[in-house]
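**Q** the following block contains a protein sequence and its predicted model.
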Amino acid sequence: MTAPTLMDYDEAVGKYEPVLGLETHIELGTASKMFCGCPTTFGAAPNTQVCPVCLGLPGSLPVTNRAAIEGIIKIGLALNCEIVEWCRFARKNYFYPDMPKDYQISQYDEPLCVDGHLDVEVEGETYRIEIERVHMEEDTGKSSHVGGTTGRIQGAEYSLVDYNRAGIPLVEIVTKPITATGERAPLVARAYATELRELVRSLGVSDVRMEEGSMRCDVNVSLMPRGAAEWGTRTETKNVNSLRSVERAVRSEIERQAGVLDAGGRIVQETRHFHEDTGHTTSGRSKEEAQDYRYFPEPDLVPMAPSREWVEEIRASLPELPAARRRRVQAEWGLSDLELRDVVNAGAVDLIEATIAAGADAGAARKWWMNELSRRATEQGVELAELPITPDQVARVQAMVAAGELNDKLARQVFEGVLAGEGTPDEVVAARGLKVVSDEGELASIIDQVIADNAAVADKVRAGKVAAAGALVGAVMKATRGQADAGRARELILQKLTAS
Ligand SMILES: [Zn+2]
């Protein structure tokens, strides 16, 4: 294999305009498979969730899963698609060892959902991604190639196949060509995949876990010289399985194709594989001669004709979608565009919302999650939602702050204790003795001592330099190891020194 000559990214997007296309497969989270009653549990022992239908045994007949059709209609509606009044399944014929029937039931020229769009935002600018089609099909089984170094079939000693996944309902979402994104093309691709994942997750029809393969992206990239009218030849990078990899795969293909074109070469229409370790793609199978799948209408299934009443019922049942929700929380929490973006990027919307539901005010809920807890998540290299603390617990800490039992400094120590596994906020407060010194008598005697020890500063305050009181408050906080209410201490100090 010859090493690709990559062009520097900035130079590449200066010379060439990328055109993208994304095909996303999403496994629906139905209890049973698309055309039979087999369960769909992830991680079951190989070949334990199979039956004559999904194994394609002679004489078996498929029956369409109504819950899956409801799921895809939800996705179609959420993507602003038209739901057609009549369509059919088609047989896509090809031989693959992980496809026991030698054909896949899919949709060809008659998809269920057409002509939608999804708006995504990149660096403050909105890009409308047009959706060509959303269609229903069934997943294939899964091959594992054993004994090689790459996990691919080349170099493997033997291969195993698991048909548990064969027949799981799969929705394919195909964009129209995405143009005019320029240097932001990799970010637009990632933003689209991110927004699509959020959208489908909000519908509750799939867990959309890219690492488990319930959402997989194929990324098409072509380049054309800036100012040209005709698109270049595209490549298709298959099964990219993280949001970050979607961005990297697009970027890497732009650099590679620009390098090839600049050297006078031509782009081969082919399938490519993205490698997480190198950040580059390598050639898969060539698609120069379009494969003949011998599509024909599936004779074992009746056409689908979802009634308009049913479609409207489903539309009415849709939950609040992510874009609408973002607009709502922005207004309710009083966030600027930038603050909203930070909250969304931190994955904190759900957490803050749940913390507010548990009794905290919006400002405090956002403050704790976006400052203290975000910092700790970054330190530990985990997502905010993965921290071992619940929104209820954050709300409890904030309730203690609001009641004057904790100050911010002590609250941070409580968070530290909860994250370290020392128990609930109340248990950490009790075990670490973290209550604010709220006994007025005790606080007053500490203040008397501080005033006596800092006579020169106290004199300045007496002479009217109120700002100097800050040093005395600091001394009180030091004497109480941070457990005094600083605001109350300041009040008492000023009372003692300025009362005539
Ligand atoms: Zn089955």
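**A** On my side now, so go ahead. Numbering: from 1, shown residues only.
**Q** okay, domains of this structure per the record?
**A** If you go by automatic domain parsing, the domain ranges for the chain are 9-312, 320-432, 440-498.
**Q** can the first one be found next to the ion?
**A** Yes - contact of domain 9-312 with the ion (C-beta under 5 Å from the ion) involves 36, 38, 51, 53-54. C-beta: built from backbone N, CA, C; applies to glycine.
**Q** how long is that domain end to end?
**A** Domain 9-312 has an end-to-end distance of 47 Å (criterion: C-alpha to C-alpha, to the nearest Å).
**Q** ok, now which ones touch Glu298?
**A** Contacts for Glu298 were tallied using C-beta atoms under 8 Å, 6 or more residues apart in numbering; they are 62, 88-91, 105.
**Q** which residue packs closest to Phe303, ignoring adjacent ones?
**A** In this structure residue 303 is Pro, not Phe. Arg88 (4.6 Å; C-beta to C-beta, 6 or more residues apart in numbering).
**Q** what is the burial count for that neighbour?
**A** 18 (other C-beta atoms under 10 Å).
**Q** just Ala455 next, same as before
**A** 8.
**Q** what residues sit buried inside stretch 125-139?
**A** 127, 129, 131-139 (16 or more other C-beta atoms under 10 Å).
**Q** among those, which ones are in strands?
**A** Counting by DSSP state E, those place 127, 129, 131-138 in strands.
**Q** which among these gets closest to Thr480?
**A** Tyr127 (54.4 Å; C-beta to C-beta).
**Q** quick one: pLDDT of the closest one?
**A** pLDDT, Tyr127: 97.
**Q** pretty sure it contacts Thr181?
**A** Yes - using C-beta atoms under 8 Å, Tyr127 is in contact with Thr181, at 6.6 Å.
**Q** what do these two both touch?
**A** Val188.
**Q** report the separation between Ala78 and the ion.
**A** Between Ala78 and the ion the computed distance is 29 Å (C-beta to the ion, to the nearest Å).
**Q** pLDDT-wise, which helix or strand of this structure ranks last?
**A** Here the helix or strand of the chain ranked lowest by mean pLDDT, DSSP states H and E is strand 281-286, holding a mean of 82.
**Q** direction included, what does that strand pair against?
**A** Sheet pairing for strand 281-286, assigned by DSSP bridges, gives strand 270-274 (antiparallel).
**Q** which ones are touching Gly423?
**A** 417, 431.
**Q** hang on, it in a strand?
**A** No - applying DSSP: H, G, I helix; E, B strand; the rest coil, one finds Gly423 to be coil, outside a strand.
**Q** Arg412: neighbour count?
**A** Neighbour tally, Arg412, other C-beta under 10 Å: 19.
**Q** name the SS class of the residue nearest to it when sequence neighbours are not counted, please.
**A** Among residues not flanking Arg412 along the chain, Glu372 sits closest, at 5.6 Å (C-beta to C-beta, 6+ apart). Assigned with three-state DSSP, Glu372 falls in the helix class.
**Q** pLDDT value on Glu372, please?
**A** Value listed for Glu372 in the pLDDT field: 94.
**Q** show me what contacts the closest residue to the ion within the stretch 401-500 of the chain?
**A** Closest residue of the stretch 401-500 of the chain to the ion, C-beta to the ion: Gly421 (43.6 Å). Applying C-beta under 8 Å, 6+ apart to Gly421 gives the contacts Pro388.
**Q** and the pLDDT at it?
**A** pLDDT, read off for Gly421, is 94.
**Q** equivalent analysis for Pro4, please.
**A** For Pro4, pLDDT reads 60.
**Q** got the phi and psi for Pro39?
**A** Phi and psi for Pro39, reported as degrees, to the nearest 10, are phi -70, psi 160.
**Q** now Thr150
**A** According to degrees, to the nearest 10, Thr150 has phi -100, psi -10.
**Q** distance check, it against the ion.
**A** 31 Å.
**Q** excluding sequence neighbours, find me the nearest residue to the spatially most central residue of the chain.
**A** Taking C-alpha atoms, centre = their mean, the centroid of the chain lies closest to Thr194, which sits 5.2 Å from it. With C-beta to C-beta, 6+ apart as the criterion, Thr194 has its nearest non-adjacent residue at 5.5 Å, and that residue is Leu243.
**Q** so that neighbour touches Ala191, yeah?
**A** No - between Leu243 and Ala191 there is no contact under C-beta under 8 Å: 9.1 Å.
**Q** which one's more surrounded, these two?
**A** Applying other C-beta under 10 Å to Leu243 and Ala191 shows that Ala191 carries more neighbours, namely 23 against 18.
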